[in-house]
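> Got a predicted structure plus its sequence, pasted below:
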Amino acid sequence: MAEEMGMSAKQPETGNNGYEAIHSKSPVFYGVYERKSELKHQTHYCPGCGHGVVHKLIAEAVQELGLQDRTILVTPVGCSVFAFYYFDVGNIQVAHGRAPAAATGIKRACPDKIVLAYQGDGDLAAIGTAEIVHAANRGEKIAVFFVNNAIYGMTGGQMAPTTLIGQTSTTSPWGRRPLNEGFPMHMSELLATLEAPVYIERVAVSDNKNIMKARRAIRKALDNQRQGLGFSFVEVLSPCPTIWGKEPVEARKWVAEKMIPAFPLNVFRDKKPEPLVDNAPPRRSVPEVLEIADRGQGTGDREQGTGDREQGTGDREQGIEKRETPHPKHHFRHMTINVAGFGGQGVLLLGQLLAEMGMREGLAVSWLPSYGPEMRSGSAHCTVCLSKDRVGSPVAVHPDVLIAMNEISLRKFASQVPAEGLVLYNHGSLPSDFTPPEAHVICVPASEIADKLGSTKAANMVLLGALLEETECLAASTALGAIEDKVKKVALLEINRKALEAGRDFIDHEVWVGAEPQPDGFAY
Ligand SMILES: Cc1ncc(C[n+]2csc(CCOP(=O)(O)OP(=O)(O)O)c2C)c(N)n1
Ligand code: SF4
């Protein structure tokens, strides 16, 4: 990218004042991030996320030590799952928590490679606890970078083993209480009880001074491996502004003021390993091991495993019989609504609200979210079933209604809606090259309307209002009650109320079919 912008990645400019301009991107990063064609140069991380800083420090260290062609990066499940889109090194992305195990295999098979495992705190300290402890205990000659942001970022903010006492999360809404959820785990201290690791340090990307220390620690871990020393572990305290609900600057401050006192920065281990008697088995090639050396290539046959997995039945007692009698006005037995758009548009929230409203009106409901791993600009959709009977399946292959919050969703899902169904599209008109589906389509410029009311984010409420007015599937008063319970900020609540009303008004006053106003109600 630097080259495209007229900057040289390799030759920093020297200005009149003698300072060098070094804004260029490390060549260890790809010039263009090809994750999404429309987002060629930006990462999927949220603004202010610590992952980006840690990536930069790793890339620069790999570059400075001249290790790019030898490096293999093992990435986890978590927000950093897509690191392979950015690092121009050997990449492998592994199952949740298994990076140290995969890194072990790679390093043992290819000892001349520089093998780096990159993990979040949910990945390393929860599901992957066993892997990291045993890899460290075996003294695997790998480097592990542990990005501790005290929360599960990718999945929306569940409690991590490192969540601080009193810190709220979706699974500790009253704050972490040691008696109920246990104490935060100190992974660096825990690993420092083991004999084998050669280097363990905790750093933070909270301010420039600490970032410089983090830089040195990351470089040292890489250099240890270059020298053939043993297991190196760098824990990085890192901000997650999105899930913490803080502005980037505030989030960095929170690392300094809350995380560092709870996880003191320290070098826990820095030793030259004692020379150990090498009693490892002799290294032999695969054909030698299989005693087929003189037959040339092995057959390559491998037991694949059946891959059978026991699928849970998914049966859940809905308790419909204990529900209130369904509201007599529901004109359907079963109605399914698909809400689709991208992360940040309140797609999932809209679905939750519909499900909540259905419950309040005595219906059986289900809400099935589906979203990509990225928090920013990823796709998100959910399916809501509202039913007078038990919900047999939360999946709707042909939903009665599609609320398409962006063009991609319209193109992707509109054809699934049957002819008697409804598509609400968040725009003033359909794309010119789009063939309308058989279903009835109403274009509602919801983002525009919401914007005028003070927050584009309320577009989902405009569409909710439009849905209720057009289909009369649930009562607007129920929507208001549910919104009031969900939205705590007074100013936001007011905007949401107005947005709901604006959506209803739009259907009442603005939607015309030819010269006729649209009929009220929604036929099934
Ligand atoms: C086997 C398995 N269990 C659970 C999940 C859901 N999951 C995805 S990422 C994640 C935790 C991510 O948190 P963390 O490691 O702290 O990384 P962050 O996103 O904060 O960077 C979980 C539980 C999964 N993908 N696979
Ligand atoms: S959710 Fe948190 S960890 Fe994930 S990308 Fe956003 S700021 Fe980073």
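Noted; the coordinates are in hand. Because the structure is a prediction, the values reported are computed rather than measured. Numbering: from 1, shown residues only. Ligands and ions are numbered 1, 2, ... in the order given.

> tell me, how many neighbours does Arg219 end up with?
Using other Cβ atoms under 10 Å, Arg219 has 18 neighbouring residues. Using the backbone N, CA and C atoms, a C-beta is placed for each residue, glycine as well.

> ugh, wrong one, Lys457
Lys457: 18 neighbours (other Cβ under 10 Å).

> quick one: it from Gly346, how far?
6 Å (Cβ to Cβ, to the nearest Å).

> just Ile218 next, same as before
As judged by Cβ to Cβ, Ile218 and Gly346 stand 37 Å apart.

> Not counting sequence-adjacent ones, nearest residue to the most centrally placed residue in the chain?
Closest residue to the average C-alpha location of the chain: Met154 at 2.9 Å, with Cα atoms, centre = their mean. The shortest distance from Met154 to any residue other than its chain neighbours is 4.6 Å, reached at Cys79 (Cβ to Cβ, 6 or more residues apart in numbering).

> Quick check, that neighbour in contact with Tyr45.
Yes: shown here, Cys79 and Tyr45 form a contact pair, counting by Cβ atoms under 8 Å, at 6.7 Å.

> who has more neighbours, these two?
Using other Cβ under 10 Å as the criterion, Cys79 and Tyr45 rank with Cys79 on top: 29 against 23.

> so what's the more buried one up against?
44-45, 49, 51, 120, 153-154, 240, 373-375 (Cβ atoms under 8 Å, 6 or more residues apart in numbering).

> what comes up buried for stretch 238-258?
238-244, 246, 251-252, 254-255, 258 (16 or more other Cβ atoms under 10 Å).

> should've said stretch 332-351
332, 334-343, 345-351.

> Sort out for me which of those are in strands.
334-342 (DSSP state E).

> Do any residues in stretch 140-157 lie close to ligand 1?
Yes: using Cβ under 6 Å from any ligand atom, stretch 140-157 comes into contact with ligand 1 via 149, 151-155.

> Closest one of those to ligand 2?
Nearest to ligand 2 among the residues of stretch 140-157 next to ligand 1: Gly153, at 3.1 Å, using Cβ to the nearest ligand atom.

> The closest one: helix or strand, and which one exactly?
Secondary structure assignment for Gly153, by DSSP states H and E: no helix or strand.

> hey, where'd the strands end up in the stretch 101-250 of the chain?
Taking DSSP state E, counting those that start in this stretch, the strands of the stretch 101-250 of the chain run over residues 114-120, 143-148, 199-204, 232-237.

> neighbouring contacts of stretch 238-245?
Outside of stretch 238-245, the residues within contact range by Cβ under 8 Å, 6+ apart are 46-51, 53-54, 79, 147-153, 156-157, 204-206, 246-248, 250-252, 254-255, 375.

> try 6 Å this time
The contact list for stretch 238-245, computed with Cβ atoms under 6 Å, 6 or more residues apart in numbering, reads 46, 48, 50, 147, 149, 151, 153, 157, 205, 248, 251-252, 255, 375.

> Taking those residues, tell me the two that lie furthest apart.
The span of the contacts of stretch 238-245, defined through Cβ to Cβ, is set by Gly157 and Val205 at 19.6 Å.

> Name the residue in the two with the higher neighbour count.
Val205 (26 against 20).

> Roughly how far does the more buried one sit from ligand 1?
Distance of Val205 to ligand 1, given as Cβ to the nearest ligand atom, to the nearest Å: 13 Å.

> Also Ala95?
Counting by Cβ to the nearest ligand atom, the gap from Ala95 to ligand 1 is 7 Å.

> Tell me how far the residue nearest to that residue when sequence neighbours are not counted lies from ligand 2.
Closest residue to Ala95 apart from its sequence neighbours, by Cβ to Cβ, 6+ apart: Val77 at 6.8 Å. Distance of Val77 to ligand 2, computed by Cβ to the nearest ligand atom: 12 Å.

> circling back to that earlier point, between Lys457 and Gly346, what contacts are shared?
By Cβ under 6 Å, 6+ apart, no residue touches both Lys457 and Gly346.

> anything in contact with each of Cys79 and Tyr45?
Common neighbours of Cys79 and Tyr45 (Cβ under 6 Å, 6+ apart) are His51.

> Number of residues surrounding the residue nearest to Val94 when sequence neighbours are not counted?
Sequence neighbours aside, Ala102 is the residue nearest to Val94 in space, at 4.3 Å (criterion: Cβ to Cβ, 6+ apart). Neighbours of Ala102 under the rule other Cβ under 10 Å: 22.

> Please apply the same query to His427.
Neighbourhood size, His427 [other Cβ under 10 Å]: 17.

> Equivalent analysis for Thr129, please.
Around Thr129 there are 15 other residues, counting by other Cβ under 10 Å.

> any idea how far it is from ligand 2?
Separation of Thr129 from ligand 2 (Cβ to the nearest ligand atom): 20 Å.

> ok, that residue to ligand 1 distance?
Separation of Thr129 from ligand 1 (Cβ to the nearest ligand atom) stands at 12 Å.

> ditto for Arg215
Applying Cβ to the nearest ligand atom, the value for Arg215 to ligand 1 is 20 Å.

> Could you verify my assumption that that residue touches Leu57?
Yes: contact status for Arg215 versus Leu57: in contact at 4.9 Å, counting by Cβ atoms under 6 Å.
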